[in-house]
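Asker: sequence first, predicted coordinates after that:
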Amino acid sequence: MRISLLTIGVCLLVTTPLRGAELKVTAEQMPRVPATEPKDALKTFEVRDGFRLELAAHEPRVIDPITMCFDERGRLFVVEMIDYSERREENPHLGRIRMLEDRDGDGVFEKATVYAKHLPWPSAMVCYGGGLFVGATPDVWWFKDTNGDGKADERKVVFNGFAAGQSRLNVQGLFNSFQFGLDNRIHGTASSMGGKVKRPGDPDSKAVTLRRADFSFDPRTHEFRLETGGGQYGMSFDNEGRKFTCSNSSHAQAVMYDYHYQGRNKFYAMPTPRVGIAVDGGAAEVYRISPDEPWRVIRTRWRISGVVRGMVEGGGRVSGYFTGATGITMYRGNAYGSGFVNNLFVGDAGGNLVHRKQVDFNGVERSARRPDGEEKREFIASTDNWFRPVHFANGPDGCLYIADMYRETIEHPWSIPEEIKKFTDLNSGNDRGRIYRIAPKSFKYQKPLTFENASTTDLVRALDHDNAWQRETAARLLFERQDRKAIGGLYDVVMNSARPLSRMHALYALQGLDGLKQGILLRALQDKDERVRAHAIKLSEGLVSGENANTAIVDQLSSMGSDPSAKTRFQLALTLSLVDSRDRLKALAQILEKDADSRWIQGAALNAVRGNAGQLFALHAGGKADRATLASLAGMIGALGDTSGAQAVIQYAVRSKSESTSVSLLSSLNQGLRRKRLTLAKVDTGGMLAPLIESARRTAADKKVSASRRGSAVRLLAVLGYSGARDTLLPLIGDKQVGATVLGIMLAFSDSKVASDLLQAWPSLGADAKERIVASLVSNYTRATMLLKQIKVGNVKPDALNTQQIQSLRTSRSSSVRNLAVEVFGQQEKLAMEKLMKLYKPSLTIPGDAAIGVEIYKLRCATCHRANGQGHLLGPDMVTIKNSGREKLLLNILNPNAEVAPQYMAFNVDTSDDFSYTAVIANETPTHITLRMANGIEPTLVRTKVRGMKSSGKSLMPEELHKDLSAEQMADLLAFIEAAR
């Protein structure tokens, strides 16, 4: 089976010039935007009431800051990406690390020292061990100043292989956002470039493949592992260690669980962990106060004159959305008041603003909304187009700091139309940069407490601080020093501190010192605060699995299924996936019953079931049974080949008073049994199903019965397989009530007779049915051959297939299908790019009609892109790429594979049962692979059935998407894309 995913690749990046087709721009139309000097910078800002900005550093002491961190002495280290955006290959490299010092304690960094230099596109940094770990693709470096001159004399690569295999680096897809986590590991965001990471010079180091995942490493041993995530630029933890990230067009995302829980149950796939949480959508509306840049003004003039169709800029729509969300950071200080703690701050560098979101919880579900008073304004906005807030840092003083790259242009060079780019200096500003402090108006700066001369006792005491920077820096230093004299004091914090967060930090500090023993852990598991209990559960994981599992800890965990906190139950369910004892089943049954409405807690609990689905079904079926949960357990029972468990499911289904419950359970059981090459007939030794099946046959055929009951009956008959259900289903294909349901069931069968029966019935079928049948037949080698033969003899018209389907057959991995397709349709006609450009050149100047273009979009694009609330997000939202300009958009359509962004690379995935998918990889676990497909479909494959998975080296967009479109129609499509919202 071959499933080809068809998408307009307008997100994909092409640099081929469109000769002779440039829209004319003059230098007079493109005046340069002047910079605002530091002395006048604060006048350009509007800041939320009650706050002000303070300029903590500016050029020449800091240049092009893109991320920063404070060390234990209060020194601010800054990554300077001076080689942004097109100068990475210059030698010596221009990127560097700057060390800033406030020696007189006035809150302004007056001393600057170049700590390390000659780095290519440095993008990540974290303080550790008196030095720094710095990310500069393809390497992670270790730098340390050992002689006190402020310059790193110790310099070595500790990891390499980031972005390995990429022919061209995307400056917006580099790994970033190093953070020291609660777990005493350094975490980072891999972004879109991926890689194969290993330790250089270590023959025992195996490369770890980064794809749709983040990473962490132990700063002492350099052990490297995958983490859930997958954002673009920006990652932050809240006070409880929960992870948040962002991408260009999705400004607030939550990561719901850790990587190591995935794949614990090979018969169940958990929900994909990264989810958007902004209630106003990922590409939400923002309120900039800066003027449109000259290139936007030029395009507005083109639109007003009718040369280019689309919304007129300046009306608040075109430039009024997140298109470059970056640097998401949780505020965790103590200077703003409790109402601001765990608020998300994210920059929109293109909009010259800082956006704030308040995070709300409903159980374990998270949502992010605009705070009161900021419904129609931003927390910070500037009239200065050069203000580019790209990252943030919580400081020792309890305030949040902004890294302002301060550039005239910060657009990706691949995304700027060539006719505009030649009048733009992409280096303008690479001698400037600003660092701002966000302070309450009543804030009086005092040099904060640092740890330059702190004793171990001082560090333990600092875990009780209400500023997270103080707590986390103390925790890091305790881990670095490995002073076991701290253990007694840490025990005292766990036992006696009034602050739950302090008790939580002390537990992790004990773990880092190998001092987390049974007694203190049992105490923490019974803590009065849900946060401490949840983290104690997580920290128990090293003691509850394997032959040497601690029975006292296991018993305590098994008794916590009725814990009053949803957060605690969620973590318990996750951790129980690592516990082997069957005593865990009672707790899982309690969780499944209590949290039936939470897909996250249900998913975690089902992941923990593993080989005990039959026992848990019996426990759960006796209580307030949830149908979806029972169905999942039934599928596991079938996949385990548990015949006694299967009989229990059948008995429950037969006795159920709900037809939908019966159908759901038996369908799931049947699907599971098929993985073991078993059937319901083989396990139904008592013949319990016979009366139910006969009743279903009668109901399915009875037109006097309601459509819903007939539909349930039809779905039940599917458990018989095609040979058993054929005589009942085939006559119902054209039935107005259940025909669509019948067709869907038939297409799901693998029996070869399905295709022949449907092709025989072809003349009597409607257009919708024919479209569904073709989509299914072309995705399977055998069925595709049958379809092509029917086209060849004239029983099916060639126009029943669209351009994309024909292309997929011509390029099939089956030589017989490929050859027959060429025989039927002929060779693919490939116009030279020069001829294509000449053919569609008029579409650049024809105004176009967006109202007509929307229909073309629906037909050719909406399966994989979203615009105006319509379509699916396999590719990026159209609103995020519409500003590229017509020339760039057209080139992307005509030549989709010139440059393919890694996150949109198509993979060919073959399975052992002769299916073949072409899809984007949405998520991977040790046991499952989730694919992302057109129309929002995301099938999950069992990894053991995957025979091979290889990058196609191409995008998902068909190379003939333009076929049959006139230049006028192309102009209509471009006009619609430009007006997308």
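Answerer: Happy to help now that I have it. Computed from a predicted structure; not experimentally measured. Residues are numbered from 1 along each chain as shown.
Asker: show me where the stretch 551-700 of the chain dips below the pLDDT cut-off.
Answerer: Within the stretch 551-700 of the chain, the stretches with pLDDT under 70 are 623, 625.
Asker: need the three-state assignment for residue 920.
Answerer: The three-state label given to residue 920 by DSSP: H, G, I helix; E, B strand; the rest coil is strand.
Asker: ok, the residue lying closest to residue 400 once chain neighbours are set aside - contacts?
Answerer: Nearest non-adjacent residue to residue 400, counting by Cβ to Cβ, 6 or more residues apart in numbering: residue 438, 4.7 Å away. C-beta: built from backbone N, CA, C; applies to glycine. Residues in contact with residue 438, defined by Cβ atoms under 8 Å, 6 or more residues apart in numbering, are 47, 51, 53, 380, 399, 400, 401, 402.
Asker: please apply the same query to residue 164.
Answerer: Contacts of residue 164 (Cβ under 8 Å, 6+ apart): 138, 194, 195, 196, 197.
Asker: so it versus residue 139, what's the distance?
Answerer: Plainly put, residue 164 is 11 Å away from residue 139 if you go by Cβ to Cβ, to the nearest Å.
Asker: what residues are bridge-paired with residue 140?
Answerer: For residue 140, the beta-bridge partners under DSSP bridges are residue 135, residue 159.
Asker: surely it and residue 157 touch.
Answerer: Yes - contact criterion Cβ atoms under 8 Å: residue 140 and residue 157 qualify, at 7.1 Å.
Asker: out of these two, which sits in the more crowded spot?
Answerer: Higher neighbour count among residue 140 and residue 157: residue 140, with 26 against 14, using other Cβ atoms under 10 Å.
Asker: mind pulling up the pLDDT for that one?
Answerer: If you check residue 140, the pLDDT there is 98.
Asker: again with the one 5 residues further on
Answerer: Reading off the per-residue confidence, residue 145 sits at a pLDDT of 98.
Asker: burial count for it?
Answerer: Counted with other Cβ under 10 Å, residue 145 comes out at 18.
Asker: right, and it touches residue 116 too?
Answerer: No - the criterion here is Cβ under 8 Å, and residue 145 misses it with residue 116 at 9.1 Å.
Asker: now do the same contact list for residue 348.
Answerer: 251, 286, 288, 322, 323, 324, 325, 326, 354, 355, 389.
Asker: list phi and psi for the fourth one.
Answerer: Taking degrees, to the nearest 10, you get phi -60, psi 120 for the backbone angles of residue 322.
Asker: what domains does the record give for the chain?
Answerer: Using automatic domain parsing, the domains assigned to the chain come out as 2-17+832-978, 27-440.
Asker: can you redo the ones you listed as JSON lines with distance to residue 693?
Answerer: Shown next, in JSON lines, are these (distance: least, Cβ to Cβ, whole Å):
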{"stretch": "domain 2-17+832-978", "distance to residue 693": "26"}
{"stretch": "domain 27-440", "distance to residue 693": "26"}
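Asker: follow-up on the earlier one: of the contacts of residue 348, the lowest pLDDT goes to which?
Answerer: residue 323 (77).
Asker: contacts only, for residue 796.
Answerer: Counting by Cβ under 8 Å, 6+ apart, residue 796 has contacts 759, 762, 787, 790.
Asker: now, the most widely separated pair of the contacts of residue 164?
Answerer: Distances among those were taken as Cβ to Cβ; the most separated pair is 138 and 194, at 11.0 Å.
Asker: mind listing the shared neighbours of the two?
Answerer: Both residue 138 and residue 194 are contacted by 163, 164, under the criterion Cβ under 8 Å, 6+ apart.
Asker: burial count for the closest residue to residue 480 other than its chain neighbours?
Answerer: Leaving aside its chain neighbours, residue 480 sits nearest to residue 129 (5.4 Å; criterion: Cβ to Cβ, 6+ apart). By other Cβ under 10 Å, the residues close to residue 129 number 15.
Asker: phi, psi for residue 129 please.
Answerer: Dihedral pair for residue 129: phi 60, psi 30, per degrees, to the nearest 10.
Asker: was I right about it contacting residue 146?
Answerer: No - applying Cβ under 8 Å as the test, residue 129 and residue 146 come out as separate, 11.3 Å apart.
Asker: overlap in contacts, residue 145 and residue 116.
Answerer: Taking Cβ under 8 Å, 6+ apart as the criterion, residue 145 and residue 116 both touch 151, 152.
Asker: hang on, residue 113 in a strand?
Answerer: Yes - assignment of residue 113 by three-state DSSP places it within a strand.
Asker: got a list of what it touches?
Answerer: With contacts taken as Cβ under 8 Å, 6+ apart, residue 113 has the following neighbours: 98, 99, 101, 150, 151.
Asker: pretty sure the first one sits in a strand.
Answerer: Spelled out, that is residue 98. Yes - according to three-state DSSP, residue 98 belongs to a strand.
Asker: tally of neighbours for it?
Answerer: By other Cβ under 10 Å, the residues close to residue 98 number 24.
Asker: and the contacts of residue 348, which is closest to residue 94?
Answerer: residue 326 (20.9 Å).
Asker: which strands or helices does the helix or strand in which that closest one is found pack on?
Answerer: Taking DSSP states H and E as the criterion, residue 326 maps to strand 325-331. Judged by 3 or more Cβ pairs under 8 Å, 6 or more residues apart in numbering; DSSP states H and E, strand 325-331 is in contact with strand 235-237, strand 243-247, strand 250-255, strand 343-348, strand 389-394, strand 400-404.
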